[in-house]
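Enquirer: Below are the sequence and a predicted model for it; my questions follow.
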Amino acid sequence: MFTYLDFSNILGGATAACDRLPDSPAVYALFRNIKLPSPYTTASTFVTALEAAISARAAPDRSNKVGPLHKVTLECRSDLTAAKAKRLEELGHSQSFREFLASLVETASLLQAPLYVGKAEGLQGRIRQHLDPMSDLAIRLRDANISINCCTLTYAVVEQCPLDLDNQTMLLIEEIISRLCRPGFVTRIG
């Protein structure tokens, strides 16, 4: 039911990818691509890239005032412990381990939470809006060092639904998917 489109693998990039999209009602999600160098590169290149992928932000930092005197900031961070980073560096010298780990990471990337979930009356037009460098989503992703042009778009055209999909029904579908998948860059659910 869902179609996957990796913007980084399409000649002409994300803008050219939009030409392939139907301009139909759809629900969609954007995912971060986890690209590792070839396991045949040097151990340090592979390990450094893997550590960068692990520490990449999955949501923007959120700050808010708590009362008149305090401000709280929540940061989305992920790093290996020092002991595990050292072990990764040691194991990284084995090419067979790098090959095995690269295949695991490639498969595991399908299990990640989406960066963003949305709905569209016309998918092609909506994605073109997101690709504008000054769109709210492009700015939020860029602030987290994520290029929307390097994401994977997943979408499902919803014209096959047996009911009339008015705006309220589309909002319901979007909210259900958002609440189930918990995308990090959605600022308002529903």
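Expert: Structure received.

Enquirer: which parts of stretch 124-139 are buried?
Expert: If you call a residue buried by 16 or more other CB atoms under 10 Å, then stretch 124-139 has these buried ones: 124, 126-128, 130-131, 137-138. In short, each C-beta sits where N, CA and C put it, glycine included.

Enquirer: How about stretch 26-35?
Expert: For stretch 26-35, by 16+ other CB under 10 Å, it's 26-32, 34.

Enquirer: would you list the residues you listed in a markdown table and tack on pLDDT?
Expert: Below are the buried residues of stretch 26-35 laid out as a markdown table (pLDDT from 0 to 100):
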| residue | pLDDT |
| --- | --- |
| Ala26 | 93 |
| Val27 | 93 |
| Tyr28 | 95 |
| Ala29 | 95 |
| Leu30 | 95 |
| Phe31 | 94 |
| Arg32 | 91 |
| Ile34 | 89 |
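
Enquirer: With secondary structure and distance to His93 as new columns, can those be given to me in TSV?
Expert: Shown next, in TSV, are the buried residues of stretch 26-35 (DSSP: H, G, I helix; E, B strand; the rest coil; distance: CB to CB, whole Å):
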residue	secondary structure	distance to His93
Ala26	strand	46
Val27	strand	44
Tyr28	strand	41
Ala29	strand	37
Leu30	strand	35
Phe31	strand	31
Arg32	strand	28
Ile34	coil	22
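
Enquirer: With respect to Met170, which of those is nearest?
Expert: Proximity to Met170 was ranked across those by CB to CB; first place goes to Val27, at 7.7 Å.

Enquirer: List the contacts of the closest one.
Expert: Listed by CB atoms under 8 Å, 6 or more residues apart in numbering, the contact set of Val27 reads 117-120, 155-156, 158, 170, 173-174, 177.

Enquirer: and with 6 Å instead?
Expert: 119, 156, 173-174, 177 (CB atoms under 6 Å, 6 or more residues apart in numbering).
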